[in-house]
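> Sharing a sequence plus its predicted fold:
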Amino acid sequence: MAGILKPPGAFQVTPHKVSVCILLQIYAPPGQVAVPFPFSSADHHNRFGLFLLALTKSFDDIFEPKLDDLIHQLRGIGGLVNYFLIDSLTNRLSSLLSPDDLFNFFNDTRGVLGGPDVILEADQVVLDPNSNLGMFVRRCVLAFNLLTFEGVCHLLNSIGAYYKEALSSCSPNEAPQLDDSSNDLETLSEYENMDLENFVFEKVTEEMEARQRAGGRVSFHLHAPKALVGLVEDIEVPADPKLKYGDKLREGCHYAHPPSNTLRDLDPNGGLFLRTNWQVQGFLQEQADALEKQGGSFSLNDFELMLRQLQSLAPELHRVHFLRYLNSLYHDDYFAALENLHCYFDYSAGIEGFDFVPPASVSDTLGRFEIALLCLGMMHFHFGHPKQALEVLTEAVNVSRQQSNETCLAYTLAAICNLLSETGISCTTGILGSSYSPLTRIGISLSVQQQLFVLLRGSLKRADNLKLKRLVASNHLVMAKFDLTHVQRPLVSFGPKASMKLKTSPVNVCKELRLSSQLISEFAAETSSMTTDGAFSTAWLKNLEKPMDLQVLSHESGGSRPSAFQFCAEPSPVPASVLQLVGSSYLLRATAWETYGSTSLARFNAVVHATCFPDVSSTSDTALAYLKLIQHLAVSRGYKEAFSALKIAAEKFLSVSKSRILLLKLQLLHERALHRGHLKLAQQVCDELGVLASSVTGVDMELKTEASLRNARTLLAANQFSEAAAVAHSLFCMCYKFNMQVENATVLLLLAEIHKKSGNAVLGLPYALASLSFCQSFNLDLLKASATLTLAELWLALGSNHAKRALSLIYGAFPMILGQGGLELRARAYIVEAKCYLSDPSFSVYESPDVVLDPLRQASDELQLLEYHELAAEAFYLTAIVFDKLGRLEDREEAAASFKNHILALENPQDEEDPLIDMF
């Protein structure tokens, strides 16, 4: 039902209230003794009185119905009386042309009230001044008497616009009288394209058919505010043959329709199966879940248009504002998201859609300010405003404590933990305050990471005490992520002998992940009321996709009918939110095994997520699982297969092409450009990576680190050693500032590589050793093997007398490199192994040529898959030297020719079209 926004403030006279007063004059005309015309009986008259009572009880709604909506409601009363009512209403409104007409109208309206000295005769109709209808009339008359002359003129203009708007929405043959019901639905052509209203049923229930056959009467329903529906819901009117629906006619404002195009059950007599409020709420919840799962795959404008039309039909459904907020949020429209979020909480006070258990001491009429702050903080976090988000969430914590809303407090603390773990915040002084840890009360200042640890433990304990199982599982995941990248130091240590284990604990990470996955067996114990109004009605929508009758729960309906449980609850034995958390745990497992260096286990967990959880996980999470597998393909099998898989992923996940898929595309482009010597292309890719990152400090830290690392590697490939070292040093300082210790290990290893390639092996040794120390502390086994390999190269660069030491280091790293390393790492290890043998004075090529030739042959094969011209040229160069020493001239010339080809390809890169650029 389209509505008119009522002016704020006290009770005011509006055109709609004037229309109700006109109908009250018809209901109780002054001096009428018998049942007034046109009512046929007292029962008919009383039913009209109930209708007016419902109208007067709905005046507190934010939106008031338009005149055409009121006329449609009057037509539902049935019989010839609706013609008289509509004609009298429109004629009286059109006769109000001057302020004097309004004064005379309200004087006549006062006459419908009975006084204390009135003697009632039999069947006389007089409104009691103390009744609901009488109070409404008295308030209207009083509000009109308080109006200034300017206010009366303004009311007169509003009545004119109110009447003309209804007149303009009618077809030409309706305009003279506004009472021809032969074109009831043509006035609603503005809703012709609304998605929700394309659904009519071919069958109605047996009850409706029986009632139509018996008495020609159907239920009278209004899509009106709850007070109105509650009073007139049981009114019955005769079935009007003029209200039969053809293929092109749709009901616009009285009915809510199901959200699926499969719900097309057309009644042979033209009736409609009406949707209950729960089912409409279920549709909204279903759309919200789809938005959060699929994100930007929704069309912004089309979905926004549908929501606006639904809002105009049912202004009392405030969750429509929340869906508009989600739509703007996932399409990165900050201002629209902020406006819709404010509208939602302004209209609903945060009560509809968020069923946190309210504190006993606080009335619901005060709203849920803490929930509004929580949503606002999450919105700031999504748009990359960490400081604003932290300030708002901290205020939400304070308000939740004041309101004793423990559930909201638990969720807010979890949101703060997620914020601190995802963004780089170097200092929280003045934001978090001093109430989060007792240690601050004794003068001990905590770092951001220590504050995060304290908050995580506190949030986990609070959620466990409140039996919020889903939140407990989510907190376990955040705790596992924290344990993965942070060394747990004691908050307070006394004396130099205090034990400090400066290493991360993979056992703790696995324990937290296991505890999170236990939710799938404990979700039934969830006692949180953090559920939505339409959560169970989603099942109704799905069950209604098949024709049903009133015998759906009877024994005669057969085994294919939904059971009572399926009809009233969610059809899945495990809620989707639980499965989504379990799927997230597998993604985190994959990330953990990548960090620890087990590529096989990382690949296994990514496959599990992509195979078992695609229907319940968000599009972003599913795309992340695919991208992890594509990265593994690029590292272990070369770029050709990775390109093919990336093309499939790009077609499958169009909505995330601008985020994760684009990032992976740029990463693969940069890697191959460096390998093939396309330094200009590599620099362009670095610039694009830098543009993708937010300019806000602390946001997109992983992306900023990635861009800086690749920029330094590009400068290193161009032999610009000082510039590369400067970039790497600046990156190290940034990582140290934001406590990104795992990234520091990679940066230190890069600095060692820079010094090695520049010929300063002595200066590179400390960086390689420092990187090894970081790798040992964080259990970065594969990165440790790579650092060991770099350390071996540095020792070898110091002279042939260190060849055996370097070879010993390589053999120590070989199990990890050969078991979990990719093509490039294995090829590097093979080449360094051959160089160690060739540099060792005690080694004789003539006695054991295969000891050198086999690893070189293996390295050259793997490097050609990667198109890594520089390392491949080095491998063929060493092979040619060995063949020359062995006197195998033909093999030497072949190896030399391959060496020449790779050098020419490196020095003169061909600008051929890249398949990755073509596919996007």
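Received, thanks. Numbers count the residues shown, from 1 in each chain.
> Next, the contact list for H486, please.
H486 sits next to Q449, F453, T504, N739, Q741 when contact means CB atoms under 8 Å, 6 or more residues apart in numbering. C-beta coordinates here come from the backbone N, C-alpha and C atoms, glycine included.
> please redo it, this time with the cut-off set to 7 Å
Q449, T504 (CB atoms under 7 Å, 6 or more residues apart in numbering).
> Just the local confidence number for it, please.
On the pLDDT scale, H486 is placed at 80.
> where's it relative to A415, distance?
Distance from H486 to A415, counting by CB to CB, to the nearest Å: 19 Å.
> V126 now?
Where A415 is concerned, V126 sits at a distance of 60 Å (CB to CB).
> now swap in K511 and tell me
Using CB to CB, K511 is found at 24 Å from A415.
> quick one, which of V126 and A415 is more surrounded?
More crowded of V126 and A415, by other CB atoms under 10 Å: A415, with 22 against 18.
> check which helix or strand covers that one.
Here A415 sits within helix 406-422, counting by DSSP states H and E.
> what's that helix packed up against?
When contacts are defined as 3 or more CB pairs under 7 Å, 6 or more residues apart in numbering; DSSP states H and E, helix 406-422 packs onto helix 369-382, helix 386-402, helix 448-465, helix 469-485.
> Quick one, which of those helices gets closest to V18.
Of all the helices and strands packed on helix 406-422, it is helix 369-382 that lies closest to V18, at 36.2 Å by CB to CB.
> Just want the angle from the closest one to helix 386-402.
Between helix 369-382 and helix 386-402, the angle comes out at 160 degrees (axes from the mean of the first three to the mean of the last three CA atoms, to 10 degrees).
> for helix 369-382, packing partners?
For helix 369-382, the elements it packs on are helix 334-348, helix 386-402, helix 406-422, judged by 3+ CB pairs under 7 Å, 6+ apart.
> Do I have it right that A28 meets V126?
Yes: counting by CB atoms under 7 Å, V126 is a contact partner of A28 at 6.5 Å.
> As a check, name the ranges of all strands in the stretch 51-200 of the chain.
Using DSSP state E, counting those that start in this stretch, the strands of the stretch 51-200 of the chain run over 63-65.
> should've said the chain
Remark: strands assigned in the chain by DSSP state E are 3-5, 63-65, 217-219, 236-238.
> follow-up on the earlier one: any chance of the helices and strands packed on helix 406-422 in a markdown table, plus distance to Y411?
What follows is those, written out as a markdown table (distance: least, CB to CB, whole Å):
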| stretch | distance to Y411 |
| --- | --- |
| helix 369-382 | 6 |
| helix 386-402 | 9 |
| helix 448-465 | 8 |
| helix 469-485 | 7 |
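> Serialize these to JSON lines and add fields for mean neighbour count.
Listed next are the helices and strands packed on helix 406-422 as JSON lines, based on neighbours: other CB atoms under 10 Å:
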{"stretch": "helix 369-382", "mean neighbour count": "22"}
{"stretch": "helix 386-402", "mean neighbour count": "20"}
{"stretch": "helix 448-465", "mean neighbour count": "19"}
{"stretch": "helix 469-485", "mean neighbour count": "23"}
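> Out of those, which gets nearest to L627?
That would be helix 469-485 among these, by CB to CB, at 18.3 Å.
> same for that closest one, what does it pack against?
Counting contacts by 3+ CB pairs under 7 Å, 6+ apart, helix 469-485 is packed against helix 406-422, helix 448-465, helix 506-517, helix 519-522, helix 576-596.
> Could I get these in JSON lines, plus columns for mean pLDDT and distance to S312?
Putting these into JSON lines (pLDDT from 0 to 100; distance: least, CB to CB, whole Å) gives the following:
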{"stretch": "helix 406-422", "mean pLDDT": "87", "distance to S312": "32"}
{"stretch": "helix 448-465", "mean pLDDT": "84", "distance to S312": "40"}
{"stretch": "helix 506-517", "mean pLDDT": "88", "distance to S312": "43"}
{"stretch": "helix 519-522", "mean pLDDT": "70", "distance to S312": "41"}
{"stretch": "helix 576-596", "mean pLDDT": "89", "distance to S312": "31"}
